[in-house]
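Undergrad: Below are the sequence and a predicted model for it; my questions follow.
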Amino acid sequence: MSRRSGPRSDPPVIAAVDTPAHEAPPARLLAGLGGALVASAGILYFATGSGLVALAFALASAVLLGGVVLLDRIRVSPASEGPAATDWSVTVAAIERAGEAIAITDRANRMVCANHFFLDSFGPGAAPPSLPLGREALEAVTLLARTAWRDGTAALEDIETIDETHWQIAATRAGRGEDHLIWRLRPHAREAATSLHALDLAGPFGKMLSRAGIETAITTADGVIRAVSAGFAERAAGDERASLMGQDFVSFLRSDERDRIFFAREGRGGTPQTLVDVPLVDPAERATPAGPDEATSLMLLIDSGVGIGGGFEGAGQAGVAQLDALLAQLPLGLAMTDRDGRFLFGNDAFLRSVGREGRGLPAFPTDLVTREDKAALSDAVRRHGRGPSTSGDVAVRLTNSPEEPVSLGLAGVRGLGEAAVLLSLADTSQENQLRRQVAQATKMQAVGQLAGGVAHDFNNVLTAIIGTCDLMLLRHIPGDSDYDDIQQIRANSNRAASLTRQLLAFSRQQTLRPEIIQLPDVVSEVSPLIKRLLGEKITYYVQHDRNLGPVRADPQQLEQVIMNLAVNARDAIQSRGNGQGRISLFTRSLQAKQVIQLGSEVLPAADYTVLIVQDTGGGIPPHVLPKLFEPFFTTKEQGKGTGLGLSTAYGIVKQSGGFIFADNINDKSGHPMGARFTVYFPVHRGEMPKKREAPTLVSSDWSAGGKVLLVEDEDMVRAVAERALTRAGYEITACANGEEGLAAIEEGGEFDIVVSDVVMPGMDGPAMVRAIRARLPGMPVLFMSGYAEEQLRRDIDIADMHFIAKPFSVAAIGDKVGAVLSQARAAAGAGAGA
């Protein structure tokens, strides 16, 4: 959308013009009436036989016809016409303002007048409030119109059009009869690039440009000066220390009949200047609306190097050389083309922005964008390269990153020889990379929370299924018709429980038992199993670095990570040709200073022990890399993968405080040869915290039964647990929520142990247990939960609590309750003996 417009012809005036109610009767109609009267006179003559009567009739008819014509002419004469149609040309001239779209509508919401900026932005067919807006925005603007008709004025601070441009809109009732609305729409300006704001024009940078014959100033969209170089101040005001801030930029310039620009103070005795307007709009900041005065531009006045007596021959080439030197120093990506759209120059920042650093520019700007955007960019370059000097921007998608549209600024320049169009594009590669990383991390966190919640709810279902199967198996023996079916149901339920554990691993909610370990020891433990899984066609190679630091991780879970990465590499190799390949496993030591040299924005500077697993399976397609660690994402055929292998590895590594990355290994020609997974574990410093030595709990130590308070909000889980504990010889009081469980205690119930769920509606398990412990401090507590024990112990600060993970079997919960009661009895006996 164009932000500035050069001079052009007057815009069309849209107005409603009334059609006159009467027109002079056409000559053919009068001739017909005259003929009819003559025929009537003839018929009368033959009927009466009297010529005098017929003549009298003809004369009377002629007089009547003449009267009708006379009256009609009098009625349509200029003296009797209504008021003349409104002349809107004066209004058009009055509302013509740069940077502000203005339109006038009548009571019927018909647009009767609009300025250039409105027509360029919305077109002549868009009459407020019917603008190109989304549904909610259109409703808001329609309500604004109603409010303006009622109250006289109304405004909206931020409305977004369908092309994602933000506008400030105001409507005011006006006219002698207050029968029109004046609409004022101003686009939200964007902040200029931060690096450009850091340029000190009054300092050495501005003086350097002045020595090269380039005077600079930064202005607002309305042409108000915000900063100038010392050279500009000296030539404009006669004093390089003069403060010109807040003054009109144009007031210091003059032009002659040949449209040459001079400093007003120097007059025609000075050298002509070439004016180049560079909009300081950074596309990376376009999502942050700024005030109208913040749409700054960098004004370049380039000394053409000739006086009034000289010509312009050679001036353009000198200006181009000076401009090239300037553009090469600016941090904003800038390039120039000729009138036919061929590239003439591009600075390093522009090459970085379009992904062609080290390769140079192509022939045309259209070679940098996707096929769908070529026509629009070609038309924009051609439009700005001819006619009056204009500027604007166009949204395009670059071939090196087609998924992220960027805003390419265009400005027409004149008087620089072949140069006709200045292209501007901010180097946002680092910002885009950081934005993608943040989006990916946010998505992984959201998916992890969802996976953890699903796993918790699914564990409740599996607890009921597995428990019911156990109870049914107690009534059947091998050989019964139903025994094998029940066993199959139980086996599939255990398989589903394994999947939920993988989901909990991805969401970092599984129970870890970390130890201080050396990576080579874990690799040695798991290598025999990996070799059996790989087969004979795949070579397995292991190499360890020296002086590896110890890491703190769960060795069993770390083995799971290595197994998952090896199996993933094996599947990639087997999917290619004859299935032959090589899987290499390396361990490396990485120092903090080496991490700093990597320049990673994700990996903190610290000492790491690194695990690398790479293969020769052909690499990972670029579109797959961002989704690689998402749960249930797989590139395998249907039925050949759950999509949880890499996501499980990702969750275990992150829960262990490490980092995991995936990339491709390229051959000498640059083609991907295989995939590489790199896992960073922080080196552990200091001694391992001493573990709590809990005595081995054996359920057979407790055989006296007991009273159990069972609190579980899921009916099916509560029923299975109640039946399981009843069969084990316990007396059960079952409650559906924490309030009922606490009431059972407060009513004087005597219990030997409380078995409770953690998450329940209303009063949850921990809150209920704290209330019970306030009355009975020594009450044993066993929590049941589908969440990880480590997470629960971190979130629940309750002493001497025990935990059993869902799903559990009938035998498991009976053994666990017996073990907790046995430990409580032993502790009570030790206290009594003391």
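TA: Received, thanks. Residues are numbered from 1 along each chain as shown.

Undergrad: what's the residue nearest to residue 223 when sequence neighbours are not counted in contact with, if anything?
TA: Of all residues not flanking residue 223 in the chain, residue 249 sits nearest, at 4.8 Å (C-beta to C-beta, 6 or more residues apart in numbering). No exception for glycine: its C-beta is placed from N, CA and C like everyone else's. Contacts for residue 249 (C-beta atoms under 8 Å, 6 or more residues apart in numbering) come out as 217, 219, 223, 224, 225, 299.

Undergrad: And for residue 122?
TA: Contact analysis of residue 122 by C-beta under 8 Å, 6+ apart lists 101, 131, 132.

Undergrad: Surely residue 216 and residue 229 touch.
TA: Yes. In terms of C-beta atoms under 8 Å, residue 216 counts as a neighbour of residue 229; the distance is 4.7 Å.

Undergrad: Identify the contacts common to those two.
TA: 201, 206, 209.

Undergrad: Checking my notes, the second one in a helix, right?
TA: Yes. Going by DSSP: H, G, I helix; E, B strand; the rest coil, the assignment for residue 206 places it inside a helix.

Undergrad: State the distance from the residue lying closest to it once chain neighbours are set aside to residue 336.
TA: Residue nearest to residue 206 in three dimensions, not counting chain neighbours: residue 229, with 3.1 Å by C-beta to C-beta, 6+ apart. Distance of residue 229 to residue 336, computed by C-beta to C-beta, to the nearest Å: 22 Å.

Undergrad: Quick one: mean pLDDT over stretch 778-789.
TA: Stretch 778-789 shows a mean pLDDT of 82.

Undergrad: Same check on stretch 118-128?
TA: Mean pLDDT, stretch 118-128: 82.

Undergrad: list the buried ones in it?
TA: Residues of stretch 118-128 classed as buried: 118, 119, 120, 121, 122, 126, 127, 128 (neighbour count, 16 or more other C-beta atoms under 10 Å).

Undergrad: Contact partners for the last one?
TA: Residue 128 makes contact with 103, 105, 109, 111, 141, 145, 169, 171, 181, 183 under the criterion C-beta under 8 Å, 6+ apart.

Undergrad: So for residue 372, what's the pLDDT?
TA: 90.

Undergrad: With just CA atoms, put the host helix or strand of residue 755 into PDB.
TA: Using DSSP states H and E, the element containing residue 755 is strand 753-757. Listed next in PDB are the C-alpha coordinates belonging to strand 753-757 (Å, rounded to 0.1, in the frame of the first residue of the first chain):
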ATOM      1  CA  ILE A 753      -4.300 -45.800  56.600                       C
ATOM      2  CA  VAL A 754      -5.600 -43.200  54.100                       C
ATOM      3  CA  VAL A 755      -5.400 -44.200  50.400                       C
ATOM      4  CA  SER A 756      -6.200 -41.200  48.300                       C
ATOM      5  CA  ASP A 757      -6.100 -39.800  44.800                       C
END
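
Undergrad: Residues in contact with it: which ones?
TA: Applying C-beta under 8 Å, 6+ apart, the contact partners of strand 753-757 are 706-714, 717, 721, 725, 738, 741, 765, 768-769, 772, 779-785, 813, 817, 820-821, 824.

Undergrad: from those residues, which would you call buried?
TA: Neighbour-count burial (16+ other C-beta under 10 Å) applied to the contacts of strand 753-757 gives 706, 708-714, 717, 721, 725, 738, 741, 765, 768-769, 772, 779-785, 813, 817, 820-821, 824.

Undergrad: Inside helices: which ones of the residues you listed?
TA: 717, 721, 725, 738, 741, 765, 768-769, 772, 813, 817, 820-821, 824 (DSSP state H).

Undergrad: tell me which of those is nearest to residue 384?
TA: residue 765 (69.2 Å; C-beta to C-beta).

Undergrad: Need the pLDDT of the closest one.
TA: pLDDT recorded at residue 765 is 89.

Undergrad: can you check residue 775 too?
TA: 89.

Undergrad: Can you verify my assumption that it contacts residue 745?
TA: Yes. Residue 775 lies in contact with residue 745 (C-beta under 8 Å); the separation is 6.4 Å.

Undergrad: neighbour-wise, which of the two wins?
TA: residue 745 (19 against 10; other C-beta atoms under 10 Å).

Undergrad: What residues does the more buried one make contact with?
TA: 709, 751, 772, 775, 776.

Undergrad: Could you report the neighbour count for the second one?
TA: Here the neighbour count serves as a burial measure; for residue 751 (other C-beta under 10 Å) it reads 21.

Undergrad: Where does it sit: helix, strand or coil?
TA: Under three-state DSSP, the three-state class of residue 751 is coil.

Undergrad: Throw the buried residues of stretch 118-128 into TSV and include secondary structure, thanks.
TA: Formatted as TSV, these follow (three-state DSSP):
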residue	secondary structure
118	helix
119	helix
120	helix
121	helix
122	helix
126	coil
127	coil
128	coil
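
Undergrad: Residue 522: which of those residues is nearest?
TA: The shortest approach to residue 522 among the buried residues of stretch 118-128 belongs to residue 121, at 64.2 Å (C-beta to C-beta).

Undergrad: now that closest one: how far from residue 183?
TA: Applying C-beta to C-beta, the value for residue 121 to residue 183 is 12 Å.

Undergrad: repeat for residue 559
TA: 69 Å.

Undergrad: Of those two, which one has the most company?
TA: residue 183 (24 against 17).

Undergrad: pLDDT score for the more buried one?
TA: For residue 183, pLDDT reads 91.

Undergrad: again, but for residue 772
TA: On pLDDT, residue 772 comes in at 91.

Undergrad: That one is in contact with residue 779, isn't it?
TA: Yes. In this structure residue 772 lies within contact range of residue 779 using C-beta under 8 Å: 5.6 Å.

Undergrad: In the stretch 351-500 of the chain, where is pLDDT below threshold?
TA: The model of the stretch 351-500 of the chain has pLDDT under 70 over residues 387-389, 414-419, 426-456, 498-500.

Undergrad: With the stretch 1-150 of the chain instead?
TA: Ranges of the stretch 1-150 of the chain meeting pLDDT under 70: 1-89, 98-99.

Undergrad: Would you map the strands across the stretch 401-550 of the chain?
TA: Assigned by DSSP state E, counting those that start in this stretch, the strands in the stretch 401-550 of the chain fall at 406-416, 419-425, 515-517, 538-544.

Undergrad: And for the residue nearest to residue 483 when sequence neighbours are not counted, the neighbour number?
TA: Spatial nearest neighbour of residue 483, chain neighbours left out: residue 476 (4.6 Å); criterion: C-beta to C-beta, 6+ apart. Look at residue 476: counted by other C-beta under 10 Å, it has 15 neighbours.

Undergrad: let's number from 855 now, not from 1
TA: Sure, I'll start numbering at 855, so the last one becomes residue 1330.

Undergrad: how close does residue 1330 get to residue 1565?
TA: For residue 1330 relative to residue 1565 (C-beta to C-beta), the value is 31 Å.

Undergrad: Residue 1240 now?
TA: For residue 1240, the distance to residue 1565 - C-beta to C-beta - is 81 Å.

Undergrad: just residue 1431 next, same as before
TA: With distances taken as C-beta to C-beta, residue 1431 is found 60 Å from residue 1565.

Undergrad: Likewise for residue 1264?
TA: 70 Å.

Undergrad: for residue 994, same thing?
TA: In terms of C-beta to C-beta, residue 994 sits 51 Å off from residue 1565.

Undergrad: can you check residue 1582 too?
TA: Distance, residue 1582 to residue 1565, by C-beta to C-beta: 18 Å.

Undergrad: do residue 1233 as well
TA: Residue 1233 is 72 Å from residue 1565, by C-beta to C-beta.

Undergrad: Would you agree residue 1580 is in contact with residue 1586?
TA: Yes. Counting by C-beta under 8 Å, residue 1580 touches residue 1586, with 5.6 Å between them.

Undergrad: These two: which is more packed in?
TA: Applying other C-beta under 10 Å to residue 1580 and residue 1586 shows that residue 1586 carries more neighbours, namely 18 against 15.

Undergrad: any idea which element residue 1506 lies in?
TA: Per DSSP H and E, residue 1506 falls inside helix 1499-1509.
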